[in-house]
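Colleague: I would like the atomic coordinates for the input below:
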Amino acid sequence: VGNRDDSNLYINMKLKAAAEIGISANHIKLPNTATEADVLKCIASLNGDPAVHGFIVQLPLDSDKPINTEKITNAVAPEKDVDGLSSINAGKLSRGDLGDCFIPCTPKGCMELIRQTGIQVAGKRAVVIGRSKIVGAPMHDLLLWNNATVTTCHSKTSTLAEEVGKADILVVAAGKAEMVKGEWIKPGAIVIDCGINHVPDSTKPSGKRVVGDVAYSTAKEKASYITPVPGGVGPMTVAMLMQSTVESAQRFLEKFQPGKWNIQYNQLTLKMPVPSDIEISQSCIPKPIDQVAREIGLLPDEVELYGQTKAKVHLSALKRLKNQPDGKYIVVTGITPTPLGEGKSTTTVGLVQALGAHLHQNVFACVRQPSQGPTFGIKGGAAGGGYCQVVPMDEFNLHLTGDIHAITAANNLVAAAVDARIFHELTQTDQALYSRLVPSVNGVRKFSDIQIRRLQKLGLNKTDPAALTKEEVNLFVRLDIDPSTITWQRVLDTNDRFLRKITIGQSPTEKGFSRTAQFDITVSSEIMAVLALSDGLDDMKKRLGRMVVASSKRGEPITADDLGVTGALAVLMKDAVKPNLMQTLEGTPVFVHAGPFANIAHGNSSVLADKIALKLVGKEGFVVTEAGFGADIGMEKFFNIKCRYSGLRPHVVVLVATVRALKMHGGGPAVTAGVPLPKEYMEENLQLLAKGCSNLNKQIQNARMFGVPVVVAVNAFKTDTKAELALVVQLAKEAGAFDAVECTHWAEGGKGAVALARAVQRASQAPSNFRFLYNVELPVVEKIRLIAQQIYGARDIELLPEAQEKVALYTKQGFGNLPICMAKTHLSLSHDPEQKGAPTGFILPIRDIRASVGAGFLYPLVGTMSTMPGLPTRPCFYDIDLDPVSGEVNGLF
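Modeller: Down below sits the predicted model:
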């Protein structure tokens with residue numbers, strides 16, 4: 001801190017010594033205006049950086065602000081305190097724990113000099129003059145624990161000459177020039193002089209010379225060994241600093257295996273019958289989230305805490321780790337599910353708990369953030385279930401860190417901008433619009449950056465507002481939005497069926513300019529898909545600007561950039577772009593980030609979370625992410641959209657199957673949420689099960705089509721028989737799965753998924769030849785046809801008139817080379833949710849096609865679907881309550 005000449009001299013000596021022996025040393029300079037908080041923040045960053053093996057705080061601290069030196073030295077992590085000045089290291093030295101502490105460098109150098117004489121310290125009488133924390137006190141302890149008989153003297157010692165005369169070893173650090181006289185010294189004694197003092201000397205150009213605390217000229221006649229001043233203890237102090245740093249690096253390597261996390265796992269206390277999910281979650285005491293962050297190698301300044309159990313991770317972590325190799329990339333998907341779901345989230349969590357807590361691998365789960373709509377509606381939460389959960393589940397399922405609220409605000413800002421722009425263009429002249437869009441501020445008119453981009457888009461290379469002609473002003477100020485083409489809707493993170501169609505603009509102030517509109521649920525917003533597919537702030541901002549909200553009356557796309565709202569959207573999303581860190585019941589790390597719909601969007605968590613996790617786990621680690629719905633939807637989009645944009649290549653597909661769902665595909669009765677299962681699902685029926693495995697077979701083939709090995713996880717329920725589970729395993733292997741494994745993780749946690757984890761480990765070593773299903777340069781219709789025929793089993797597709805018009809429009813507007821994101825039912829491989837198994841020969845109807853240009857895909861609509869769910873007769877919120885005393889959330893999630 002500051003710029004003292006003497007401090008800079010000492011630091012330069014240390015930097016030079018480090019360079020000579022190959023230690024990477026760096027001088028961090030804080031200004032003399034630095035506060036105590038500034039210094040502590042810097043120390044915290046160095047404490048958490050695994051690339052730093054040791055650091056020192058150069059004293060004195062030259063600051064204009066009051067700084068508590070003791071507080072600063074004690075803030076240095078003891079394992080990096082190579083100066084040995086912290087109270088913890090001093091206490092360990094005082095206690096004799098010499099192998100588990102750092103010794104201050106000057107006393108350590110003194111001891112090394114004494115050893116170099118070859119004289120045994122044990123049994124000798126030693127005298128230390130001085131009792132400072134830096135030299136005197138630690139020197140006393142060091143000599144004592146090397147079995148010398150030690151006396152400490154100081155300025156108040158009345159018989160100093162007498163005590164010195166008894167010393168076989170004399171160490172002087174009093175800070176007083178030539179205080180110890182030669183005649184005091186015992187003949188043959190070892191004398192270590194730590195003093196540096198300046199005394200007048202007219203023969204020197206500076207008018208002074210450096211002397212020690214011992215009268216050297218007379219003392220050397222009696223001592224057997226004596227250190228000169230300068231040139232004695234000083235160089236040894238620097239050398240010992242280097243040695244302590246090397247020792248610190250050695251200890252680090254002994255304690256931490258390269259690439260291996262030093263992580264504390266939570267032990268589960270399993271109960272039978274398995275309690276409710278919320279009871280299990282609340283019985284677990286999660287680790288403090290900053291501890292989880294440290295365990296996985298994140299630095300303190302890369303983590304932004306949101307309470308004790310969740311945190312945001314800064315994108316600077318990805319930049320720091322960019323040269324680290326990626327781990328193994330695993331995607332969890334499923335067969336075509338029942339309306340109840342088949343346990344993909346539970347399997348994802350169970351797999352990472354098995355790989356981490358039981359097989360001791362570095363492993364990360366990357367999952368989507370759930371919407372509050374389904375949480376309070378009919379589905380409930382999405383934290384997993386049983387003994388495989390992300391915790392705390394109530395925080396996971398509710399606001400988390402506010403990302404969905406940020407998306408709601410950003411989305412609705414765009415919606416407001418669309419209608420406001422239409423209103424203002426209808427009620428103002430070109431000149432009035434221009435004056436308001438480019439106002440005069442202090443007599444100066446200036447285009448904003450986003451307005452310059454609009455001018456460039458219009459082919460107008462002008463930067464002076466006064467230079468535009470009337471025709472150019474008209475082009476600039478009028479977007480001429482065609483209200484019938486508006487595709488951008490308002491959103492809300494609540495299931496509310498009565499907002500599916502509304503009329504806006506009915507207030508008299510809107511002067512009769514009303515139109516029909518609607519609300520969608522927030523997670524269906526294109527901004528959510530943008531968040532999930534962005535690989536950084538800059539990429540996110542560009543994608544936000546490219547979002548198309550409508551067409552002009554001339555048929556040109558109108559973007560968020562045209563509305564001038566891009567920068568504001570980026571500001572609203574600047575925190576949401578950071579992945580959220582949580583943990584599983586067994587203490588393995590989880591990224592919860594983004595939650596796009598799996599029908600009109602791609603249904604996968606964020607690219608950024610996956611990329612950071614892959615760097616953190618290291619080359620031998622695993623990142624397990626989940627794709628929404630069945631393999632025909634979420635997995636296909638994971639490969640063709642997410643992997644295409646991220647550049648990441650998966651190693652293994654985990655395909656989740658249940659006996660229940662396969663019986664349904666074999667012709668079993670309908671499965672309905674909230675209704676007891678029919679008896680066919682409660683009794684053994686191998687024939688029905690075998691017939692339903694046609695769906696399993698097809699989904700295995702779908703995964704293998706992309707060149708990735710498939711491991712089938714058979715999620716066991718208590719109603720399943722051994723024969724049924726064995727049959728699914730057998731048929732999965734016969735269908736081409738790399739392996740198939742019965743799993744009991746819901747009831748047993750990670751222990752119940754160990755066999756699955758071992759199978760995934762083996763599969764990740766198998767050859768993988770990943771490939772996309774289609775080339776994006778193909779015509780839009782051909783890309784849709786390939787998905788329908790290859791993935792769904794359709795004979796062909798049929799484009800209805802509206803879809804045909806959109807193909808022509810989007811191709812004309814330049815969007816024809818975007819990937820395809822099919823929006824169809826998840827309850828069948830076909831467009832008809834009643835068709836189970838593996839139907840073939842059907843014609844897939846394409847009702848309409850829409851564009852998410854910012855996110856980067858076209859989404860054909862297959863059949864009808866709602867982007868605003870409704871509440872059922874008995875919503876989940878009937879069971880949710882808050883204990884007013886404890887503040888705990890009660891009820892079903």
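
Colleague: run the chain-centre distance for the host helix or strand of Glu626.
Modeller: Glu626 is located in strand 622-626, with elements delineated by DSSP states H and E. Between the centre of strand 622-626 and the centre of its chain there are 13 Å (C-alpha atoms, centre = their mean, to the nearest Å).

Colleague: who are the packing partners of it?
Modeller: Contact partners of strand 622-626 among helices and strands, from 3 or more C-beta pairs under 8 Å, 6 or more residues apart in numbering; DSSP states H and E: strand 328-334, helix 344-353, strand 363-367, helix 607-617. C-betas here are computed from N, CA, C, even on glycine.

Colleague: now the helices: where do they sit in the stretch 51-200 of the chain?
Modeller: When assigned using DSSP state H, counting those that start in this stretch, the helices of the stretch 51-200 of the chain occupy the ranges 69-75, 87-95, 105-116, 136-145, 160-165.

Colleague: what about Gly867, neighbour count?
Modeller: Just to correct that, residue 867 is Thr rather than Gly. Other residues within reach of Thr867 by the criterion other C-beta atoms under 10 Å amount to 19.

Colleague: thought it was touching Val523?
Modeller: No. In this structure, Thr867 is not within contact of Val523 by C-beta atoms under 8 Å, at 9.2 Å.

Colleague: mutual contacts of these two, please.
Modeller: Between them, Thr867 and Val523 share these contacting residues under C-beta atoms under 8 Å, 6 or more residues apart in numbering: Phe597.

Colleague: check which helix or strand Lys312 maps to.
Modeller: With DSSP H and E as criterion, Lys312 is part of strand 311-313.

Colleague: average pLDDT for the strand holding Glu626?
Modeller: Regarding strand 622-626, the rounded mean pLDDT is 98.

Colleague: cool, and stretch 575-591?
Modeller: For stretch 575-591, mean pLDDT rounds to 98.

Colleague: returning to what we had before: list the strands paired with the strand holding Lys312, with their directions.
Modeller: If you go by DSSP bridges, strand 311-313 pairs up with strand 303-305 (antiparallel), strand 580-584 (antiparallel).

Colleague: contacts made by it with the rest, please.
Modeller: Taking C-beta under 8 Å, 6+ apart as the criterion, the residues outside strand 311-313 that touch it are 289-290, 293, 298, 302-306, 401, 575, 578-581, 591, 612.

Colleague: could you flag which of those are buried?
Modeller: Buried members of the contacts of strand 311-313, scored by 16 or more other C-beta atoms under 10 Å, are 289-290, 293, 298, 302-303, 306, 401, 578-581, 591, 612.

Colleague: run through who's touching the strand holding Glu626.
Modeller: Applying C-beta under 8 Å, 6+ apart, the set of residues contacting strand 622-626 is 327-333, 344-345, 348, 351-352, 355, 361-368, 604-605, 610, 613-614, 617, 634, 638, 654, 760, 764.

Colleague: can you tell me what sits against the helix or strand of the chain at the bottom of the mean pLDDT ranking?
Modeller: Comparing every helix and strand of the chain by mean pLDDT, DSSP states H and E singles out helix 372-376 as the least confident one, with a mean of 78. Where contact means C-beta under 8 Å, 6+ apart, the residues beyond helix 372-376 that reach it are 380-382, 397-399, 404, 493-495, 521-523, 869, 871, 875-877, 880, 893.

Colleague: the same query, at a cut-off of 6 Å, please.
Modeller: For helix 372-376, contacts defined as C-beta atoms under 6 Å, 6 or more residues apart in numbering pick out 381, 397, 493-495, 521, 869, 875-877.

Colleague: domains of this structure?
Modeller: Taking the TED database as the domain assignment, the record places the domains of the chain at 101-237, 277-401+575-765, 404-573, 780-861.

Colleague: ok, back up a step: among the contacts of helix 372-376, name the ones in strands.
Modeller: Ile521 (DSSP state E).

Colleague: list the buried residues in stretch 305-315.
Modeller: By neighbour count, and taking 16+ other C-beta under 10 Å as the criterion, the buried residues in stretch 305-315 are 306, 309-315.

Colleague: and these, which two are furthest apart?
Modeller: For the buried residues of stretch 305-315, with distances taken as C-beta to C-beta, the pair at the greatest spread is Thr309 and Leu315 (21.7 Å).

Colleague: give me the low-pLDDT residue ranges for this protein?
Modeller: Of all residues in the chain, those with pLDDT under 70 make up the ranges 256-258, 378-381, 892-893.
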